[in-house]
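A.B. asks: Only the shape, not the letters, is given here:
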């Protein structure tokens with residue numbers, strides 16, 4: 001398994017799957033979710049999402065990538081931050097595990113993740129980064145063979161991922 005972090009627009013990445021930081025109804029939202037819907041083709045993606053919705057927090061669903069360079073979009077529903085005592089770390093880790101499992105089931109070998117739950121869901125970026133990297137590494141130790149990109153929105157998030165990755 002290879003892991004790296006870059007500052008990039010996730011919708012431009014040519015990987016087998018990109019991950020959408022989704023809401024539980026898999027509806028078009030703001031932030032990275034809205035950008036993915038717009039780039040993929042909002043009408044087509046909304047129709048595909050309606051077929052696999054709802055998606056509980058900590059789980060993921062997969063749809064085609066439509067107009068994106070990525071073949072698939074994996075919609076992962078991260079937790080809303082309530083201070084950390086409501087199971088948020090386990091739910092966040094579950095998003096990453098579920099996404100990687102769907103990638104493998106689809107025959108994919110490369111995936112790009114945003115910083116799930118760190119936008120409007122309010123998860124502290126430093127804590128979310130630690131969970132993301134640790135969970136992906138743990139999954140890689142069990143299953144291997146996947147190229148993982150953490151697509152960071154800004155320099156601050158990139159620096160946190162690089163620190164966790166030891167880059």
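C.D. replies: That came through, no problem. Here the structure is a predicted model, which is why all the values come from computation and not from measurement.
A.B. asks: what about the strands in this protein?
C.D. replies: Counting by DSSP state E, one finds strands in the chain at the ranges 2-7, 17-22, 60-64, 72-77, 110-113, 147-152.
A.B. asks: got the buried residues for the fourth one?
C.D. replies: What that stands for is strand 72-77. Across strand 72-77, burial judged by 16 or more other CB atoms under 10 Å covers 72, 73, 74, 75, 76, 77. (Each C-beta comes from the backbone N, C-alpha and C, glycine too.)
A.B. asks: Need those in CSV (columns: pLDDT and distance to residue 17).
C.D. replies: Below are those laid out as CSV (pLDDT from 0 to 100; distance: CB to CB, whole Å):
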residue, pLDDT, distance to residue 17
72, 98, 4
73, 99, 7
74, 98, 5
75, 98, 10
76, 98, 11
77, 98, 16
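A.B. asks: I'd say residue 69 and residue 13 touch.
C.D. replies: Yes. Between residue 69 and residue 13 a contact is recorded at 6.5 Å, counting by CB atoms under 8 Å.
A.B. asks: more crowded one of these two?
C.D. replies: residue 13 (18 against 12; other CB atoms under 10 Å).
A.B. asks: does the more buried one really touch residue 112, like I thought?
C.D. replies: Yes. With contact defined as CB under 8 Å, residue 13 reaches residue 112; the gap is 4.7 Å.
A.B. asks: anything in contact with each of these two?
C.D. replies: Taking CB atoms under 8 Å, 6 or more residues apart in numbering as the contact rule, the neighbours common to residue 13 and residue 112 are 70, 149, 151.
A.B. asks: picking that back up, highest mean neighbour count out of the strands of the chain?
C.D. replies: Among those, strand 17-22 has the highest mean neighbour count (mean count of other CB atoms under 10 Å), at a mean of 28.
A.B. asks: and that strand, what does it pack onto?
C.D. replies: Packing partners of strand 17-22 (3 or more CB pairs under 8 Å, 6 or more residues apart in numbering; DSSP states H and E): helix 31-40, strand 60-64, strand 72-77, helix 88-105, strand 110-113.
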